[in-house]
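In: Curious how this folds, go ahead:
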Amino acid sequence: MTHHPTKSRQPERIDILLATYNGEQFIERQLQSVVEQMDGRCRLLICDDGSTDGTRSIIERFVARQPAHIVRLEGGSPRLGPCRCFGRLLSHAEADYVTFCDQDDIWLPGHISLPLARIQAAEAALGADVPLLAHTDLVVVDENLRPIAPSFWAYSNLDPYGGSRLNRLLMQNVVTGSATMVNRVLARLASPIPRAAPFHDWWLALVAAVLGRIDVIPEKTVLYRQHANNCVGATCYGWRHVMRRAADVLLRDATTRCFRRDQRQALALWQRFAAQLPPREKWAIEAFVSLKRAGFVDRRLSMLRHEFLGTGRLRNLGWLMWI
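Out: Numbering: from 1, shown residues only. Below you'll find the model as predicted:
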């Protein structure tokens, strides 16, 4: 009898993408929380976007400790900004799975293992060629890590389940990059991130929604730190938030500008994947982009017909009034 050697399965590789800019106040604690979850499968890619404080020195210390597993990239000149910086990192990612990291948060146990298990289960069921994204909830904390809210989703009045449908996702992002993992198929499809995309996590979520699947994990795997210099941050949703938005609109017409920005992102999605889009998704994107050409009444009727809405009656009422 001839015995054939069994082909052993290669261990999966995981790339962790971290964009930094003047983060010396918090980044060392975050890097330590990341390194504690890294093993031989993991590589940490860091893109510094021209920091002028001590951020680079802190990064270099960690690179010196694990040069085989931590790689630093330069951002560019002029500054790239967060979305383009993560886009640069994504273009250098080569692993089977990619997860994202913000410089001022803290990783909790399970940040890698929970979404990895969920994506691998989905690949086993749907096939390894399906673009997949998995994301978790976050704990909202202040700059000293004191709890503000046990759930970012509840605090911001987000519905990550219903909000993952394309018609809802075109209007409102429910995926937080620092709590997200994607598989290699999605990372390659989404790269390069178009200039029309305002946020890397939103763009990844849209690509997953039209061509693959988004999995929601209710566990919290990140301490989401809120401080004066957050690029986006968490906003407590309620009447005060609505009134602030109303005042902002009266002063600067901000909601209309954001809506036009979101339509440009949708158009970029259509242009990139028109030949691959299923008919229903293609129809929804075309309807969303065409809203800018509709009149006051027709625009609102189309929003209701296609359910281009977000989470919460107050939020949707504001959009229907202001857009």
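In: Tell me where the model's unsure across the stretch 151-300 of the chain.
Out: 228-253 (pLDDT under 70).
In: what do you get if the cut-off is 50, keeping everything else the same?
Out: Along the stretch 151-300 of the chain, segments meeting pLDDT under 50 span 249-252.
In: can you pull out the helices in it?
Out: Assigned by DSSP state H, counting those that start in this stretch, the helices in the stretch 151-300 of the chain fall at 152-155, 166-171, 184-190, 200-211, 239-252, 254-273, 279-289, 296-306.
In: helices or strands up against the last one?
Out: Which is helix 296-306. helix 279-289, helix 313-322 (3 or more C-beta pairs under 8 Å, 6 or more residues apart in numbering; DSSP states H and E). Every residue, glycine included, has its C-beta placed from N, CA and C.
In: Mean neighbour count and distance to residue 79 for those - can I get that in a markdown table?
Out: Listed next are the helices and strands packed on helix 296-306 as a markdown table, based on neighbours: other C-beta atoms under 10 Å; distance: least, C-beta to C-beta, whole Å:
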| stretch | mean neighbour count | distance to residue 79 |
| --- | --- | --- |
| helix 279-289 | 17 | 30 |
| helix 313-322 | 15 | 31 |
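In: Out of the ones you listed, which is closest to residue 183?
Out: Closest to residue 183 of the helices and strands packed on helix 296-306 is helix 279-289 (C-beta to C-beta; 19.5 Å).
In: for the residue most central in space within the chain, what are its contacts?
Out: Centroid check for the chain by C-alpha atoms, centre = their mean gives residue 201 as the closest residue, at 2.1 Å. Contacts for residue 201 (C-beta atoms under 8 Å, 6 or more residues apart in numbering) come out as 100, 173, 175-177, 180.
In: how far away is it from residue 127?
Out: The gap separating residue 201 from residue 127 is 24 Å, by C-beta to C-beta, to the nearest Å.
In: what's the most buried one of the helices of the stretch 151-300 of the chain?
Out: Of all the helices of the stretch 151-300 of the chain, helix 200-211 carries the top mean neighbour count, a mean of 25, counting by mean count of other C-beta atoms under 10 Å.
In: Dump the helices and strands packed on helix 296-306 into a markdown table; add distance to residue 155 as well.
Out: Output for those, formatted as a markdown table (distance: least, C-beta to C-beta, whole Å):
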| stretch | distance to residue 155 |
| --- | --- |
| helix 279-289 | 27 |
| helix 313-322 | 14 |
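In: Of all the ones you listed, which one comes closest to residue 149?
Out: Among the helices and strands packed on helix 296-306, helix 313-322 comes nearest to residue 149, with 17.5 Å by C-beta to C-beta.
In: Could you list every helix and strand that the closest one packs against?
Out: helix 239-252, helix 254-273, helix 296-306.
In: contacts for the last one?
Out: For helix 296-306, the surrounding residues in contact (C-beta under 8 Å, 6+ apart) are 167, 284, 287-288, 290-291, 294, 308-309, 319-320, 323.
In: distance between it and the chain's centre?
Out: Chain-centre distance of helix 296-306: 28 Å, with C-alpha atoms, centre = their mean, to the nearest Å.
In: Quick one: work out the angle between it and helix 254-273.
Out: 60 degrees (axes from the mean of the first three to the mean of the last three C-alpha atoms, to 10 degrees).
In: and helix 296-306 with helix 313-322, angle?
Out: 150 degrees.
In: CA atoms of helix 296-306 as CSV?
Out: Backbone C-alpha positions of helix 296-306 (Å, rounded to 0.1, in the frame of the first residue of the first chain) are rendered in CSV as follows:
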residue,chain,number,x,y,z
PHE,A,296,-38.9,68.5,-3.2
VAL,A,297,-41.9,66.2,-3.1
ASP,A,298,-40.6,63.5,-5.5
ARG,A,299,-37.4,63.2,-3.6
ARG,A,300,-39.1,62.5,-0.3
LEU,A,301,-41.6,60.1,-1.8
SER,A,302,-38.6,58.2,-3.4
MET,A,303,-36.8,58.1,-0.1
LEU,A,304,-39.8,56.5,1.6
ARG,A,305,-40.5,54.1,-1.3
HIS,A,306,-37.0,52.8,-1.4
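In: Also compute the angle for that helix relative to helix 279-289, please.
Out: Counting by the same axes, to 10 degrees, helix 296-306 lies at 160 degrees to helix 279-289.
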